[in-house]
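Enquirer: any chance you could fold what I've pasted below:
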Amino acid sequence: MSTESAGLASAFAAAQLTRATGAGLDPHAYLRATDGVASLGAWSEALIRTARQYVARAAGQAAAAASPVSAVSAVSALSSVSAGEYEQAAARWFHFATLSPQTADATHHAYAAAEADAAMGRALALLEPGARRLEGPAFSGWLRGPADAPSTVIVVPGLDSGKEEFHRVTAALLRRGSAVFTMDGPGQGALAASTTLRADYDRVIGQVIDALAVDRVGLIGLSLGGYYVARSAALEPRVAAAAVVSGPHRLDWDALPPPLQDLFTQRAGGADAAREFTAEVDLSALAPRIACPLLVVDGGEDRVPGVTNGSELARRAPNATHLLIPPGDHLLGNAQPDWLPTTTDWLTTTLTRAV
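Expert: Numbers count the residues shown, from 1 in each chain. From the prediction side, this is the model:
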């Protein structure tokens, strides 16, 4: 591989570090896995290899749990927990392998997304056997948490994220007593290979709420998921509270850098569809219609070009609060303690008060 290719891969790996740690990947393991990668395709391969190592560890723990020696001791239960935790880690590593530009090696993406989905299913079977898989025409995901939870929150991913990425957001909400549905929608995660982006994501959220069979939900969306959440809060009356993290108020296609334009093109199903999609991402008219409480979280160091800052959304929405984290970058993976507890506290208490 050329020096230029290796340089691009190194820069890409460095740029993804805070997103990786925010998703729950161990930063030291990430740096070891990506050290010296010679190309963007090799970056994906390195993450897939790491994910497979966790799957192998899970298999070893499962074998230990099934052994005659373990069957009569607490080792069996502990080995099952360890196996589940390894599978959960594998799911995150497989998901992260889908984030390289698709032009690097498109075959990696569909494979890694499917493996992430499968590993998460195996993890929940071991760690949370009460978790339920829910699927509809335009979504797929897991409902976790107590059946009698006082509130239900839907975690909405963004452009190239999926239900396996926002592990820490989900865990924080579960600790606070909410039931949590983590989802893939059109063009996301396990559905990316068979569906394309759609701007009317509020219709997808409506399908999810129908499947959950609840009267009201909270939403939290990250990056482009923030637009989906704000749009849904404006148009879906069963949304009782919403949090937007690093979400765009509107998108400007011409200001987007070429790699981001390429990503939209891939996920939307073509250049024309991508331009049409981004032209619809504009909350100027919808923001005043968001009647429910809205929390807008931004990083002061978010430098994604072509994305209008969320403060405009907070200004236009009638019941909004703006939380600015000065050192935070896009997705605020470098400043999670500064916003995640506050945001999940706010969402949980707001939903509880709305009962």
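Enquirer: please count neighbours and contacts with C-alpha atoms only from this point.
Expert: OK.
Enquirer: residue ranges of the helices in the stretch 201-350 of the chain, please?
Expert: 201-212, 224-235, 258-268, 271-280, 311-316, 336-353 (DSSP state H, counting those that start in this stretch).
Enquirer: same list (these) but as CSV, adding mean pLDDT and distance to Tyr111.
Expert: Below are those laid out as CSV (pLDDT from 0 to 100; distance: least, C-alpha to C-alpha, whole Å):
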stretch, mean pLDDT, distance to Tyr111
helix 201-212, 98, 25
helix 224-235, 98, 23
helix 258-268, 93, 16
helix 271-280, 97, 24
helix 311-316, 94, 37
helix 336-353, 96, 30
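Enquirer: and the ones you listed, which is most packed in?
Expert: helix 224-235 (a mean of 26; mean count of other C-alpha atoms under 10 Å).
Enquirer: not counting that helix itself, show me its contacts.
Expert: Under the criterion C-alpha atoms under 8 Å, 6 or more residues apart in numbering, residues 156-159, 199-203, 205, 219-221, 239-249, 281, 283, 286-292 lie in contact with helix 224-235.
Enquirer: coming back round to it: pipe the helices of the stretch 201-350 of the chain into a markdown table and attach distance to Thr3 per row.
Expert: Formatted as a markdown table, these follow (distance: least, C-alpha to C-alpha, whole Å):
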| stretch | distance to Thr3 |
| --- | --- |
| helix 201-212 | 42 |
| helix 224-235 | 33 |
| helix 258-268 | 20 |
| helix 271-280 | 30 |
| helix 311-316 | 41 |
| helix 336-353 | 35 |
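Enquirer: counting by contacts, list what the host helix or strand of Ala33 packs against.
Expert: Using DSSP states H and E, Ala33 sits in helix 27-34. On a contact count with 3 or more C-alpha pairs under 8 Å, 6 or more residues apart in numbering; DSSP states H and E, helix 27-34 meets helix 17-22, helix 40-66.
Enquirer: what's the angle from it to helix 40-66?
Expert: Relative orientation of helix 27-34 and helix 40-66, computed by axes from the mean of the first three to the mean of the last three C-alpha atoms, to 10 degrees: 120 degrees.
Enquirer: only alpha carbons, please: show stretch 94-104 as PDB.
Expert: Output of stretch 94-104 as PDB, limited to C-alpha atoms (Å, rounded to 0.1, in the frame of the first residue of the first chain):
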ATOM      1  CA  PHE A  94     -18.200  -5.600  14.500                       C
ATOM      2  CA  HIS A  95     -20.400  -2.500  14.300                       C
ATOM      3  CA  PHE A  96     -17.400  -0.200  14.300                       C
ATOM      4  CA  ALA A  97     -15.900  -2.100  11.400                       C
ATOM      5  CA  THR A  98     -18.800  -0.700   9.300                       C
ATOM      6  CA  LEU A  99     -17.700   2.900   9.700                       C
ATOM      7  CA  SER A 100     -14.900   2.900   7.100                       C
ATOM      8  CA  PRO A 101     -15.800   4.600   3.800                       C
ATOM      9  CA  GLN A 102     -17.600   1.900   1.800                       C
ATOM     10  CA  THR A 103     -15.300   2.500  -1.100                       C
ATOM     11  CA  ALA A 104     -12.600   0.900   1.000                       C
END
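Enquirer: returning to that earlier point: out of the helices of the stretch 201-350 of the chain, which gets nearest to Val37?
Expert: Relative to Val37, the nearest member of the helices of the stretch 201-350 of the chain by C-alpha to C-alpha is helix 258-268, separated by 19.3 Å.
Enquirer: what's that closest one in contact with?
Expert: So helix 258-268 is in contact with 101-102, 159-160, 187, 192, 196-198, 253, 271-274, 277, going by C-alpha under 8 Å, 6+ apart.
Enquirer: tell me which two in those residues are the farthest apart.
Expert: Ala192 and Trp253 (21.3 Å).
Enquirer: which residues touch the spatially closest residue to Val153 that is not a sequence neighbour?
Expert: Spatial nearest neighbour of Val153, chain neighbours left out: Gly218 (4.5 Å); criterion: C-alpha to C-alpha, 6 or more residues apart in numbering. Taking C-alpha under 8 Å, 6+ apart, we find Gly218 in contact with Ser151, Thr152, Val153, Ile154, Val239, Ala240, Ala241, Ala242, Leu347, Leu351.
Enquirer: mark which of the residues you listed are buried, thanks.
Expert: Buried by 16 or more other C-alpha atoms under 10 Å: Ser151, Thr152, Val153, Ile154, Val239, Ala240, Ala241, Ala242, Leu347, Leu351, out of the contacts of Gly218.
Enquirer: out of the helices and strands in the chain, which is least certain?
Expert: Using mean pLDDT, DSSP states H and E, the weakest-scoring helix or strand in the chain turns out to be helix 68-71, at a mean of 56.
Enquirer: which is the succeeding secondary structure element to it?
Expert: Next along the chain from helix 68-71, counting by DSSP H and E, comes helix 75-96.
Enquirer: next, the angle from that following helix to helix 27-34.
Expert: Per the same axes, to 10 degrees, the angle that helix 75-96 makes with helix 27-34 is 60 degrees.
Enquirer: show me what helix 75-96 is packed against.
Expert: Using 3+ C-alpha pairs under 8 Å, 6+ apart, the elements in contact with helix 75-96 are helix 40-66, helix 106-127.
Enquirer: out of the ones you listed, which comes closest to Pro137?
Expert: helix 106-127 (17.3 Å).
Enquirer: mind listing what's buried along that closest one?
Expert: Those would be 108-124, 126-127, for helix 106-127 by 16+ other C-alpha under 10 Å.
Enquirer: any chance of the helices and strands packed on helix 27-34 in CSV, plus distance to Ser178?
Expert: Compiled in CSV, the helices and strands packed on helix 27-34 are given as follows (distance: least, C-alpha to C-alpha, whole Å):
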stretch, distance to Ser178
helix 17-22, 21
helix 40-66, 28
